[in-house]
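1. can't give you the sequence, but here's the structure:
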């Protein structure tokens, strides 16, 4: 009777250790699989598709509450973009991110590490002329000062002031 | 009165330009040939212009598609209109927006859209839904004005070719204004999808506002948001309409251009065939005239001799 009991006990223990061993083996094999390090970026404008299905390491987006970075396996997110700089790091720890100035738009990060960025207009930071930005900022400020309160002109002038200010900040100009 | 007129016609066919007994004179055939050749020149040049414009339209459409792909997670895929039952349109109040062209001579694009718009509205009404229409394009407006009547709540005509995002976003503002004021549940876009220069298909695209489950709880719960989520989703929906209309407009434009190219090519070919058959007729008439003159001369000469 006792022998049977011991046998039963040992068989359960054996099966349990077997079970643990198998789990450990599976975990070991899973960790040796390479986990994806790159996320997929779709960045398009109405008149130009900048990136479609591009594999990049990180994207930094100018969201409503400030800049936020998206890497692989980021939590799914929907964000309204403010006028600001969008940076793309193609390789991990890259020191030369590709910079674009976006005038606005939306960024959706999906479950499968795909990020869609859609903007009506975006330009490479290098293509922006700092003198033109300062000049436009001054004229936009003047327009804002002279526009009637609550009019469409005031709203448009306000948008121009904010966008030019953001462009100036991106270029390193201190526009007041 | 009638017999007098007929005798006058028979007596002076040339003055009254009447075809006598179905046999056209040489001059009339020649006139017809000249005018057909002119038409052939016009249709041939229209075809070449359309072919050139099609290149631009194709490029624009190929850029508009990836631009619109961002919203594919938030809306259904476009569905072919052929044999469609329109049962996948959610809600009880729908706004139908068909895309048609401004100018004519573009083949069957507009008649297919008109036909499918009527079918769509009929089947949505059968499902007990409230339907209204905003028409884009003059051809659609004139074709659907009578059949749809009071269902039409707006139309966008006089849109200047080729169109860009700014234009489509201002179009979408009108659609959004109607959508919000009428408290619709969904929008159905009907447009021609350009497949290749010879083929285009009618498709419809359903877009509805992202709603919370059963009217309560969070909208789009799978997604986080770094701002006021309700406001962001509201704004994003408006942007989605603009983006979708931009894509539909570009796609429909490419389809229209390819259809115009095909129609003008057919017209040129038909004009060419007509000119060939008219040339044969003309030559026959000319030879008959020459033969008649010869016979007159010869019989006259032989009468003098003999």
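-> Here it is on my side, so go on. A quick note: this is a predicted structure, and the numbers were derived from the prediction, not measured.
2. where does residue A:80 sit: helix, strand or coil?
-> strand (DSSP: H, G, I helix; E, B strand; the rest coil).
3. okay, and the residue nearest to it when sequence neighbours are not counted sits in which element?
-> Computed as CB to CB, 6 or more residues apart in numbering or on different chains, the closest residue to residue A:80 that is not its neighbour in sequence is residue B:232, at 4.7 Å. Every residue, glycine included, has its C-beta placed from N, CA and C. Using DSSP states H and E, residue B:232 falls within helix B:229-305.
4. up against chain A, what does the stretch 101-250 of chain B have?
-> Residues of the stretch 101-250 of chain B lying near chain A by CB under 8 Å from any CB of the partner chain: B:164-165, B:169, B:220, B:222-227, B:229, B:232-233, B:235-236, B:239, B:243, B:246.
5. buried subset of those residues, written for ChimeraX?
-> Filtering those down to the buried ones (16 or more other CB atoms under 10 Å in any protein chain shown) takes a single ChimeraX command:
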select /B:165,169,220,223,225,226,229,232,233,236,239,243,246
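6. wait, what's in contact with residue B:114?
-> Each residue near residue B:114 by CB atoms under 8 Å, 6 or more residues apart in numbering or on different chains is listed here: B:98, B:100, B:140, B:143, B:144.
7. close enough to count as contact, residue B:238 and residue B:175?
-> No. Using CB atoms under 8 Å, residue B:238 is not in contact with residue B:175, being 9.6 Å away.
8. ok, those two, which is more surrounded?
-> Using other CB atoms under 10 Å in any protein chain shown, the more surrounded residue of residue B:238 and residue B:175 is residue B:175, with 23 against 17.
9. give me the low-pLDDT residue ranges for the chain?
-> I went with chain A, as the question did not name one. Per-residue confidence for chain A (pLDDT under 70) gives these ranges: A:1-35, A:176.
10. that answer is for a different chain, and I need it for chain B
-> B:1-23, B:213-216.
11. 50 instead?
-> B:13, B:19 (pLDDT under 50).
12. now the helices: where do they sit in the stretch 1-150 of chain B?
-> B:2-11, B:13-16, B:26-68, B:109-126, B:138-148 (DSSP state H, counting those that start in this stretch).
13. reformat these as a markdown table; add distance to residue A:137.
-> What follows is the helices of the stretch 1-150 of chain B, written out as a markdown table (distance: least, CB to CB, whole Å):
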| stretch | distance to residue A:137 |
| --- | --- |
| helix B:2-11 | 82 |
| helix B:13-16 | 78 |
| helix B:26-68 | 29 |
| helix B:109-126 | 47 |
| helix B:138-148 | 42 |
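14. format the contacts of residue B:114 as CSV; extra columns: neighbour count.
-> Shown next, in CSV, are the contacts of residue B:114 (neighbours: other CB atoms under 10 Å in any protein chain shown):
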residue, neighbour count
B:98, 30
B:100, 29
B:140, 29
B:143, 21
B:144, 23
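15. tell me which two in the residues you listed are the farthest apart.
-> Across the contacts of residue B:114, the longest distance by CB to CB is 9.7 Å; it joins B:98 and B:143.
16. okay, helices next: where are they in chain A?
-> A:2-32, A:130-146, A:152-171 (DSSP state H).
17. rewinding a little: from the contact counts, what lies against the helix holding residue B:232?
-> strand A:77-81, strand A:105-109, helix B:26-68, helix B:109-126, helix B:165-182, strand B:186-196, strand B:199-208 (3 or more CB pairs under 8 Å, 6 or more residues apart in numbering or on different chains; DSSP states H and E).
18. swap in 7 Å and give it another go.
-> strand A:77-81, helix B:26-68, helix B:109-126, helix B:165-182, strand B:186-196, strand B:199-208 (3 or more CB pairs under 7 Å, 6 or more residues apart in numbering or on different chains; DSSP states H and E).
19. give me the buried positions along the lengthiest strand in chain A.
-> Determined from DSSP state E, the single longest strand within chain A is strand A:48-56. Using 16+ other CB under 10 Å as the test for burial, strand A:48-56 gives A:49, A:50, A:51, A:56.
20. pull the number of nearby residues for residue B:111.
-> 13.
21. next, the angle from the helix holding residue B:232 to helix B:165-182.
-> Put simply, helix B:229-305 runs at 120 degrees to helix B:165-182, going by axes from the mean of the first three to the mean of the last three CA atoms, to 10 degrees.
22. circling back: the longest strand of chain A: partners in the sheet, and parallel or antiparallel?
-> strand A:39-45 (antiparallel) (DSSP bridges).
23. and the partner strand, what's buried?
-> Here strand A:39-45 shows A:39, A:40, A:41, A:42, A:43, A:44, A:45 as buried, counting by 16+ other CB under 10 Å.
24. same check on stretch B:270-282?
-> B:271, B:274, B:275, B:278, B:281, B:282.
25. now render those as CSV, adding distance to residue A:93.
-> Converted to CSV, these look like this (distance: CB to CB, whole Å):
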residue, distance to residue A:93
B:271, 68
B:274, 73
B:275, 73
B:278, 78
B:281, 83
B:282, 82
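26. now, among those residues, which is nearest to chain A?
-> Of all the buried residues of stretch B:270-282, the one with the least separation from chain A (CB to the nearest CB) is residue B:271, at 38.3 Å.
27. tell me if I'm right that the closest one and residue B:41 touch.
-> No. Counting by CB atoms under 7 Å, residue B:41 is not a contact partner of residue B:271; they are 8.9 Å apart.
28. for stretch B:41-51, give me every contacting residue.
-> B:257, B:260, B:261, B:264, B:265, B:267, B:268, B:271 (CB atoms under 7 Å, 6 or more residues apart in numbering or on different chains).
29. my bad, should have said stretch A:121-128
-> Contacts of stretch A:121-128 (CB under 7 Å, 6+ apart): A:45, A:85, A:86, A:99, A:100, A:101, A:102, A:103, A:167, A:170, A:171.
30. same deal with stretch B:124-140?
-> By CB under 7 Å, 6+ apart, stretch B:124-140 touches B:86-87, B:89, B:92-102, B:104, B:110, B:113-114, B:121, B:141, B:144, B:148, B:151-157, B:171, B:175, B:178, B:182.
31. residue B:74: which of the buried residues of stretch B:270-282 is nearest?
-> For the buried residues of stretch B:270-282, the nearest to residue B:74 is residue B:271 (49.5 Å; CB to CB).
32. contacting residues for the closest one?
-> B:36, B:39, B:40, B:43.
33. go on, residue B:102?
-> For residue B:102, counting by CB under 7 Å, 6+ apart, the contacting residues are B:137, B:138, B:139, B:157, B:159.
34. again, only using 10 Å
-> B:136, B:137, B:138, B:139, B:140, B:141, B:157, B:158, B:159, B:160, B:161, B:256 (CB atoms under 10 Å, 6 or more residues apart in numbering or on different chains).
35. equivalent analysis for residue B:72, please.
-> A:110, A:116.
36. could you do residue A:44 as well?
-> By CB under 10 Å, 6+ apart, the neighbours of residue A:44 are A:50-52, A:105, A:116-119, A:122, B:63-70, B:243.
37. buried subset of those residues?
-> For the contacts of residue A:44, buried by 16+ other CB under 10 Å: A:50-51, A:105, A:116-119, A:122, B:63-64, B:66-70, B:243.
38. among the helices and strands packed on helix B:229-305, which comes closest to residue A:66?
-> Of all the helices and strands packed on helix B:229-305, it is strand A:77-81 that lies closest to residue A:66, at 10.8 Å by CB to CB.
39. is residue B:147 in contact with residue B:121, as I believe?
-> Yes. At 9.1 Å, residue B:147 counts as touching residue B:121 under the criterion of CB atoms under 10 Å.
40. higher neighbour count, the two?
-> Remark: of residue B:147 and residue B:121, residue B:121 carries more neighbours, 23 against 12, as counted by other CB under 10 Å.
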